[in-house]
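Engineer: What would the 3D arrangement of this be:
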Amino acid sequence: MNYAAVFEDALEALKREKRYRVFADIERIAGRFPHALWRSPAGTREIVVWCSNDYLGMGQHPGSIDAMVSAARTFGVGAGGTRNISGNSHQIVTLEDELADLHGKQAALVFTSGYVSNQTGIATLGKLLPDALILSDQLNHNSMIEGVRQSGREKAVFRHNDMEHLEDLLRATGKERAKLIAFESVYSMDGDIAPIGRICDLAERYNAMTYIDEVHAVGMYGPRGGGVAERDGEMGRIDVIEGTLAKAYGALGGYIAANAAIVDAVRSHAPGFIFTSALPPAVAAAAQASVRHLKTSPRERAAQQANAAKTKAALVRAGLPVVVSPTHIVPVIVGDAERCKAASDLLLADHGIYIQPINYPTVPRGTERLRITPTPFHDDALIAGLTTALVAVWRRLALPFQVRAQAAE
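Structural biologist: Have a look, this model is predicted:
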């Protein structure tokens, strides 16, 4: 067996399909976001980042930075162990209290990332529910798919946001069998939103539990940043709410919030929680500062939504193939992996604009795209520069424009 050849062949397959991922070496600049430094092969230059998941720029908020620096100086830079072996810092305990309050739940549990909170959270819930059927939206994130797989339970995938299909599956299962409906609030590649109230109606009708991934919505929607479920008045009807601290809150970590028994059961049984080191106190302190700030400050959300709307409108007027969504996600469809990568490379090299290409398996083949995420700091001048650059790249690569521009929602 030529072991090296196995891995080389795997990489070559990705390169042939134009799916090999190349990461830009960038340095964020606190106080100047979304500007950053790109350490390119030709040297270091300043760029504008248009694809960050730091949706509100909280990664540079003075309150969050101060909380992290103060905690690091006071408690050090590491956690010192897993949660059950010396790593259960007071900062994580109070962060969990803050998150439980955010979602109006009895308890919350913090994990090392949003991926882990989904993967190990869903898997553990599924294992604890006897003979459970997990009903999963067709476009759920890979972390949710892995959680379902690792639960070892039967799954049923319902067509994306198709409530008739979901009801057919629930009806066929019957009311007595344990059921968990797993779905997202904001789907990050198209920017569309789940019909949360209708899903809750079906869950109540057929005696199912609900699990919502609010990763791309916490901090962003609702009067206190509790997500789309809070905005829509449905938060109290959801059994388990999952979120992240690494996007709108600008820090790191994931979590679930639910009633005390559910949270304690996951805490006591989830391998992805039990056997990994805890978040350092400094990270937990920064995350808590961000959560607390966004509970009372709508300013960042309002500015972000305004700039997202301006960006959509500008790109649509330019005839670019934008998927106009009701959220802050602005996908521009390319439809080919090689040309998507080429468009990203030209934007960075020629225009100093960084937008990472999104290819299969993140999105289906033929729907490759540039995923743009405006923030409160992408002002009118940056939006105009982005529009001009995208039009130039589209023309250079002979990419198709929209036949007829449509008004942005």
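
Engineer: pLDDT wise, what is Q406 at?
Structural biologist: The confidence metric pLDDT takes the value 43 at Q406.

Engineer: oh, I was asking about A251
Structural biologist: 98.

Engineer: show me the contacts for it.
Structural biologist: M58, G59, S64, M68, L245, V283, A286, A287, S290 (CB atoms under 8 Å, 6 or more residues apart in numbering). All C-beta atoms are positioned from the backbone trio N, CA, C, and that covers glycine.

Engineer: Now the helix or strand encompassing the last one: buried residues?
Structural biologist: Just to be clear, that refers to S290. Taking DSSP states H and E as the criterion, the element that holds S290 is helix 281-296. By neighbour count on 16 or more other CB atoms under 10 Å, the buried set for helix 281-296 is 281-295.

Engineer: can you check stretch 57-74 too?
Structural biologist: G57, M58, G59, Q60, H61, S64, I65, A67, M68, A71, A72.

Engineer: Could you tell me which ranges of this structure sit under the pLDDT cut-off?
Structural biologist: Residues of the chain meeting the criterion pLDDT under 70: 403-409.

Engineer: do that again at 50, thanks
Structural biologist: 404-409 (pLDDT under 50).

Engineer: and T311, how far is that from G319?
Structural biologist: For T311, the distance to G319 equals 15 Å [CB to CB, to the nearest Å].

Engineer: Give me the more crowded residue out of these two.
Structural biologist: Using other CB atoms under 10 Å, the more surrounded residue of T311 and G319 is T311, with 23 against 15.

Engineer: Pop out the phi and psi values for that one.
Structural biologist: phi -60, psi -50 (degrees, to the nearest 10).

Engineer: How about the contacts made by it?
Structural biologist: Here T311 is in contact with V330, I372, P374, H378, I383, L386 (CB under 8 Å, 6+ apart).

Engineer: and the fourth one, what is it in contact with?
Structural biologist: Same thing as H378. P34, V48, W50, N307, T311, L386.

Engineer: Try it again at 6 Å.
Structural biologist: Applying CB atoms under 6 Å, 6 or more residues apart in numbering to H378 gives the contacts N307.

Engineer: is it fair to say it lies in a strand?
Structural biologist: No: assigned with DSSP: H, G, I helix; E, B strand; the rest coil, H378 falls outside any strand and is coil.

Engineer: Which strand residues bridge I193?
Structural biologist: V186 (DSSP bridges).

Engineer: From the contacts of T311, which land in helices?
Structural biologist: If you go by DSSP state H, these have I383, L386 in helices.

Engineer: Which one of the contacts of T311 is nearest to G352?
Structural biologist: Distance ranking of these against G352, using CB to CB, places L386 first at 10.7 Å.

Engineer: how about the helices in this protein?
Structural biologist: Going by DSSP H, the chain shows helices at 3-16, 62-75, 90-103, 114-128, 142-151, 163-173, 196-205, 228-231, 260-269, 271-274, 281-296, 299-317, 337-351, 380-396.

Engineer: closest to L135 out of those helices?
Structural biologist: Taking the helices of the chain one by one with CB to CB, helix 163-173 is closest: 5.8 Å.

Engineer: measure G147 to I256 for me?
Structural biologist: 11 Å.

Engineer: And P195, by the same measure?
Structural biologist: Taking CB to CB, one finds P195 at 22 Å from I256.
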